[in-house]
Each structure stands twice: as C-alpha cells, then as structure tokens.
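>>> fold the following.
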Amino acid sequence: SFPGGRRDPADGDAVATALRETREELGVAVAATSVWGQLRTLPDRHGMTVAPVLANLGPLEALTLNPNPDEVEEVFTLPLAHLLLEENQGYTHFRTASGYGYTLPVFLNGPHKVWGLTAIVTELTLELLVPGRY
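This next block holds a predicted model:
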C-alpha cells in the first residue's frame, strides 16, 4: 500500500498529512511544490475516509529510501509500462453476507498482487496520467 495514516492535529490538510506520513514511513522528504494534487476521497473498508495525494518524487534511482521497519515490511515499485499491459490488469469480484456484490481492480504479475484500496488509487492515477491508454 501507499504511505498513509491518520491526520495529526498539527497537519494543516490532507497534503500535509501525506507529506508527513511519507517522511515517517519511507524516510523521504517530499516538498509541497512537488505535489500534483489530490484525488477524490475514498472510503476504506473500516469506514474511514482516505484522501490520496499525488506527488512527483523525481527519478526513483535518485531516491534514498529509509523505510521505518515498524511500519514498512517491504518496498517495491512497478513501472508504468507494466501497469499498462492488459495481461497485468484484472478485477476481483466480492460478495458481502447480504448478497451485495462489487468489483475492484487488481494488478498482477509483479513482485506482489496489488489489490484493494492500493489498486483503486493506482487505477485512478492511471486514468489521470494516461487517459485513453488505460
């Protein structure tokens, strides 16, 4: 999943929360000027509201990550080209006890299956970055 967490009282807004959480979880200081914007808010499975924030971190090769072992088990990336290949895209169908069904995106064939809220945010990002290709 992406860096994230609850808003602290000292955070001015969702962007400040995202920048703080990225610094705390990955050891990466992202300048506010690198923020592209915020996606629409989404509910998580616990009823909390998630406010995804997009930022340009620059070339990955230039980043020095220092993941917090108390919060991050592993860090991996997926190239945009990988995410855009149809064979790496899919959907998972869910049913609830009441019979209600819903479908969520999933991204396959990488180091891990990307699903749930992470896949939803990835899909929304792809729709913005490469409209017509995703």
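>>> can you give me the helices in this protein?
Residue ranges of the helices in the chain, as given by DSSP state H, are 14-26, 80-84, 116-129.
>>> most packed of the ones you listed?
Of these, the one with the most neighbours on average (mean count of other CB atoms under 10 Å) is helix 14-26, at a mean of 19. Bear in mind the C-beta positions are built from the backbone N, C-alpha and C, glycine included.
>>> and that helix, how far out from the chain middle?
13 Å (CA atoms, centre = their mean, to the nearest Å).
>>> what packs against it?
strand 35-38, strand 53-55 (3 or more CB pairs under 8 Å, 6 or more residues apart in numbering; DSSP states H and E).
>>> quick one: closest of those strands to residue 1.
strand 53-55 (13.9 Å; CB to CB).
>>> list the strands paired with that closest one, with their directions.
strand 35-38 (antiparallel) (DSSP bridges).
>>> ok, and what's touching the strand it pairs with?
14, 15, 18, 19, 51, 52, 53, 54, 55, 56 (CB atoms under 8 Å, 6 or more residues apart in numbering).
>>> contact partners for the residue nearest to residue 6 when sequence neighbours are not counted?
Distance criterion CB to CB, 6 or more residues apart in numbering; nearest residue to residue 6, sequence neighbours excluded, is residue 17 at 7.7 Å. If you count contacts by CB under 8 Å, 6+ apart, residue 17 has them with 4, 5, 6, 7, 8, 11, 51.
>>> let me know the distance separating the last one from residue 60.
Counting by CB to CB, to the nearest Å, the separation of residue 51 from residue 60 is 24 Å.
>>> neighbour count for these two, which is higher?
residue 51 (16 against 9; other CB atoms under 10 Å).
>>> so, low pLDDT: which residues of this protein?
By pLDDT under 70, the chain has no low-scoring segment.
>>> give me the domain ranges for it.
Domain segmentation of the chain under the TED database yields 1-75, 76-133.
>>> fine by me, thanks again.
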